[in-house]
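Enquirer: fold the stuff below for me.
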Amino acid sequence: MAFDFAALRRFPDVEAPNLHAFDATDRLLLDEAAPLLADVAPGEVVVIDDHYGALTLGSISLHGARRVRVHQDALSGELALRANAERAGLDDEVVVCGLDASLVAGARVVLLQLPRSLDALDEMAGIVSLHADPAVVVLAGGRIKHMTLAMNEVLSRHFDDVTATLARQKSRVLVARSPRVGEEQAPWPRRRHDAALDIDVLAHGAAFAGARVDVGTRFLLEHVDAMRPNAHSALDLGCGTGVIASQLARRRPDLTVLASDQSAAAVASARATAEANGVADRVHVARDDAASGVPDASVDLVVLNPPFHIGNTVHAGIAEKLFAAAGRVLAPGGELWTVWNSPLGYRAALERHVGPTRQVARNAKFTVTVSTSRSS
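Expert: Presented below is the predicted three-dimensional model:
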């Protein structure tokens with residue numbers, strides 16, 4: 001059956017001429033998996049972190065896979081995959097799951113795009129080795145420039161047989177077999193106490209910065225007490241592990257805090273961090289793409305440490321998307337507090353999407369700004 005990779009869309013993720021919905025790794029993974037996919041029953045194929053559906057829909061259209069189980073950490077990727085599947089008439093063959101035993105139970109073929117984070121790969125590989133069919137074959141692909149020998153080492157913690165394919169079009173596939181079923185594995189989420197902030201941080205593998213507090217967040221937290229003193233509601237937009245949301249709730253007991261992120265790992269981490277620090281009653285955590293579920297003009301305070309990568313590409317699109325979301329959900333006179341890498345020069349974008357913006361603090365690497373909503 002023919003399959004048109006070029007028909008795939010990234011939407012609702014950021015779309016731009018230099019951002020694509022498929023790559024050479026998708027094609028290589030599907031070619032390497034072809035002999036395996038020819039001999040599987042419905043429900044025995046699993047795809048993890050397919051970017052926008054190329055692996056999932058290619059497995060179905062090109063190789064006859066049925067009832068493919070899929071996990072996407074990014075909600076925008078999950079929504080894009082669903083939309084691409086519907087356009088291709090294949091939505092009945094896609095089963096969306098969480099990153100847990102239900103995703104991989106009985107699986108014989110697992111396809112995944114290698115994540116940037118070794119911790120994310122470790123959590124994925126651990127779940128597969130524990131719960132998949134003993135004969136499972138994992139094919140993990142990536143662009144060579146982003147692959148390291150440490151990825152082989154991570155897979156080797158969970159599988160006895162790890163090999164690499166020949167490279168093609170600057171991509172390569174790692175193949176893992178023979179799960180180490182009896183190996184004891186450290187539980188997720190991982191926990192770490194930050195003495196400077198006196199906070200316990202819990203993190204799943206794919207959560208940004210893991211169980212550490214990144215330096216941008218730490219810089220922004222120096223200004224928690226100055227953030228709109230009369231605010232009653234706050235949104236930690238792109239909350240990651242929930243450190244900012246938990247600190248706001250701890251230090252500002254008058255605040256009701258919503259923590260939202262499109263990453264499933266971040267949402268699970270933020271919820272665990274809030275519980276560990278005794279603020280789960282005032283920190284509501286939601287998986288959401290750019291605050292799409294938050295009503296317009298409903299929030300007094302938004303805090304944001306925006307990512308500046310989309311996948312492995314440095315791109316301002318995701319920050320602009322989040323600035324626009326903040327401008328929409330802020331009540332008139334509400335404040336957006338943002339920390340960003342100073343060379344990125346986000347001030348003009350903040351003024352455009354939110355309102356008047358002033359610098360609060362700056363160090364050798366980061367700038368903290370506050371933007372006041374002019375919405376009416």
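
Enquirer: max-length strand in this structure?
Expert: strand 330-341 (DSSP state E).

Enquirer: quick one: list the elements packing against the helix or strand that that one is followed by.
Expert: Going down the chain from strand 330-341, the next helix or strand is helix 347-353, by DSSP states H and E. Counting contacts by 3 or more Cβ pairs under 8 Å, 6 or more residues apart in numbering; DSSP states H and E, helix 347-353 packs against helix 317-329, strand 357-362, strand 366-372. Where you see a C-beta, it was placed from the backbone N, CA and C, and this is true even at glycine.

Enquirer: redo these as JSON lines? Include distance to residue 194 and mean pLDDT.
Expert: Below are the helices and strands packed on helix 347-353 laid out as JSON lines (distance: least, Cβ to Cβ, whole Å; pLDDT from 0 to 100):
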{"stretch": "helix 317-329", "distance to residue 194": "25", "mean pLDDT": "92"}
{"stretch": "strand 357-362", "distance to residue 194": "20", "mean pLDDT": "97"}
{"stretch": "strand 366-372", "distance to residue 194": "18", "mean pLDDT": "97"}
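
Enquirer: between those, which one is closest to residue 295.
Expert: helix 317-329 (7.2 Å; Cβ to Cβ).

Enquirer: list the buried residues for that closest one?
Expert: 318, 319, 320, 321, 322, 323, 324, 325, 326, 327, 328, 329 (16 or more other Cβ atoms under 10 Å).

Enquirer: nearest to residue 11 among those?
Expert: Distances from residue 11 to those, taken by Cβ to Cβ, are shortest for residue 321, at 11.7 Å.

Enquirer: is it true that the closest one touches residue 14?
Expert: Yes - with contact defined as Cβ atoms under 8 Å, residue 321 counts as touching residue 14 (6.2 Å).

Enquirer: mutual contacts of the two, please.
Expert: Both residue 321 and residue 14 lack any common contact, where contact means Cβ atoms under 8 Å, 6 or more residues apart in numbering.

Enquirer: off-centre distance for stretch 335-351?
Expert: 22 Å (Cα atoms, centre = their mean, to the nearest Å).

Enquirer: buried sites along that stretch?
Expert: Applying 16+ other Cβ under 10 Å to stretch 335-351 flags 335, 336, 337, 338, 339, 340, 346, 347, 349, 350 as buried.

Enquirer: and which of those residues is nearest to residue 143?
Expert: residue 340 (26.7 Å).

Enquirer: any idea what the closest one is bridged to?
Expert: residue 367 (DSSP bridges).

Enquirer: pLDDT score for it?
Expert: With respect to pLDDT, residue 340 has a value of 93.
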